[in-house]
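Visitor: here is a sequence together with a model predicted from it:
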Amino acid sequence: MHSLLQTFCDTIRIEAQAVEALLGHDFAGITAVVERIVQSDAKLIVTGLGKSGIIARKISATLSSTGTPSVFLHASEACHGDLGMIRPPDIVLAVSNSGETEELLRLIPYLKHNGIHFIAMTGNPQSTLARHADFHLDARVPGEACPLRLAPTSSTTAALVLGDALAMTLIQARGFQARDFAECHPGGRLGRMLLTTVEMVMKTDRLPFAREGTPLSELPLIMSEGRCGLAIITDDQGRATGIITDGDLRRAFERHELATMRDLLARDIMTPNPKRVAHTTLLADAEKLMQRQKIASLLVTRDDEIIGIVQLYDLQ
């Protein structure tokens, strides 16, 4: 009798083998399918029932988030009025392991009558659904991972992988980029980083300016009031020429005797030519610059004027 651990590991192995077996199927027509989807600018309606319906919903969500407008259509609800959402040039992708799901077969006359291009994803190329489809995605697997050979396991994994493969191929065909992905995910960190500029998050009030000739003893108060952990050092014309951080101050105290500290000015310990970015810079680009330079703060400029500070924690 198999141990529980062996059953666990066998399931992973069987499903991995099922996915590997997909590479032996004939997908030669997929290029024409992808080109049709892209060129027709159609919605891809994905439908299914039961476990296949759950996979269909996930495929639809992946498509929508990667540049292909898609809607999940519940096969049962489709037979009771929801078919009205499908109009040419929409394309339907029907997911069914057996290819004989009654609710899906009922859709075929409507799709044919209205000239709706129809893709079937099944585990049986000879099934009714596969034979009536304009294109068949072969999702056959050697067997289910379920010890009883009953619960959909390998078959649903294979269908999910084929859906991902279709979505990723459409990404390439559309030239879909990270910025496009961000527009579909404005609520996520990626969307924020690729759609938000530093001007939207920068600190602008009580900017901690100090002159090059400011005594070191006055800098802690200036930096404390600015609450940025730094001071922006300017020359007599008000141009930013350097920056001093909390760390710079600590290192100065470590290097110098207390007596000599009284004679030090801001220019003596500042880091010259502080890094700065234009106010239109995206957060993603600002983060890359900080990581590359190993710094935590950037000055923000508009027309060469310092208008704010953006720091690494502002990007989180």
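Guide: Perfect, thanks for sending it.

Visitor: show me where pLDDT drops low in the chain?
Guide: In the predicted model of the chain, residues 1, 182-191, 258-259 satisfy pLDDT under 70.

Visitor: which residues does Leu137 form beta bridges with?
Guide: Beta-bridge partners for Leu137, by DSSP bridges, are Met121.

Visitor: which parts of this protein belong to which domain?
Guide: For the chain, automatic domain parsing gives the domain ranges 4-176, 198-315.

Visitor: okay if I get those as a markdown table plus distance to Arg192 and mean neighbour count?
Guide: (Each C-beta comes from the backbone N, C-alpha and C, glycine too.) Shown next, in a markdown table, are the domains of the chain (distance: least, Cβ to Cβ, whole Å; neighbours: other Cβ atoms under 10 Å):
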| stretch | distance to Arg192 | mean neighbour count |
| --- | --- | --- |
| domain 4-176 | 16 | 18 |
| domain 198-315 | 7 | 16 |
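
Visitor: can I assume Leu93 is in contact with Ala56?
Guide: Yes: using Cβ atoms under 8 Å, Leu93 makes contact with Ala56 at a distance of 7.5 Å.

Visitor: show me the strands in the stretch 151-300 of the chain, by range?
Guide: Ranges of strands in the stretch 151-300 of the chain, per DSSP state E, counting those that start in this stretch, are 209-211, 230-234, 240-245, 271-272, 276-278, 297-302.

Visitor: and of these, who's closest to Ile45?
Guide: strand 276-278 (44.0 Å; Cβ to Cβ).

Visitor: what sits up against the closest one?
Guide: Val198, Ala240, Asp285, Ala286, Leu289, Leu298, Leu299, Val300, Thr301, Arg302, Ile306, Val310 (Cβ atoms under 8 Å, 6 or more residues apart in numbering).

Visitor: which two among those residues are spaced furthest apart?
Guide: Ala240 and Asp285, at 20.1 Å, using Cβ to Cβ across these.

Visitor: can you add distance to Thr62 and give the strands of the stretch 151-300 of the chain back as JSON lines?
Guide: Converted to JSON lines, those look like this (distance: least, Cβ to Cβ, whole Å):
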{"stretch": "strand 209-211", "distance to Thr62": "50"}
{"stretch": "strand 230-234", "distance to Thr62": "44"}
{"stretch": "strand 240-245", "distance to Thr62": "44"}
{"stretch": "strand 271-272", "distance to Thr62": "46"}
{"stretch": "strand 276-278", "distance to Thr62": "34"}
{"stretch": "strand 297-302", "distance to Thr62": "36"}
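
Visitor: and these: which comes nearest Ser52?
Guide: It is, among these and with distance given as Cβ to Cβ, strand 276-278, at 49.6 Å.

Visitor: list the strands paired with the closest one, with their directions.
Guide: Counting by DSSP bridges, strand 276-278 is paired with strand 297-302 (parallel).

Visitor: so the partner strand versus strand 230-234, what angle?
Guide: Here the directions of strand 297-302 and strand 230-234 differ by 50 degrees (axes from the mean of the first three to the mean of the last three Cα atoms, to 10 degrees).

Visitor: for Gly229, which non-adjacent residue is spatially closest?
Guide: Counting by Cβ to Cβ, 6 or more residues apart in numbering, Asp246 is the residue found nearest to Gly229 once chain neighbours are left out, at 4.8 Å.

Visitor: list the contacts for that neighbour?
Guide: Per Cβ under 8 Å, 6+ apart, neighbours of Asp246: Met223, Gly229, Leu230.

Visitor: ok, the last one - contacts?
Guide: Contact partners of Leu230, counting by Cβ under 8 Å, 6+ apart, are Pro208, Met223, Ile243, Ile244, Thr245, Asp246, Ser297, Ile309.

Visitor: swap the cut-off to 6 Å and go again
Guide: Ile243, Thr245, Ser297 (Cβ atoms under 6 Å, 6 or more residues apart in numbering).

Visitor: of these, closest to Pro152?
Guide: Among the contacts of Leu230, and counting by Cβ to Cβ, the member closest to Pro152 is Ser297, at 53.5 Å.

Visitor: touching, that closest one and Gln311? I think so.
Guide: Yes: Ser297 is within contact range of Gln311, at 4.8 Å (criterion: Cβ atoms under 6 Å).

Visitor: identify the contacts common to Leu93 and Ala56.
Guide: Contacts common to Leu93 and Ala56, judged by Cβ under 6 Å, 6+ apart, are Val46.

Visitor: could you tell me which residues make contact with the closest residue to His117 other than its chain neighbours?
Guide: In this structure, His117 finds its nearest non-sequential neighbour in Ile91, 4.5 Å apart by Cβ to Cβ, 6+ apart. For Ile91, the contacting residues are Ile37, Ala42, Leu44, His117, by Cβ under 6 Å, 6+ apart.
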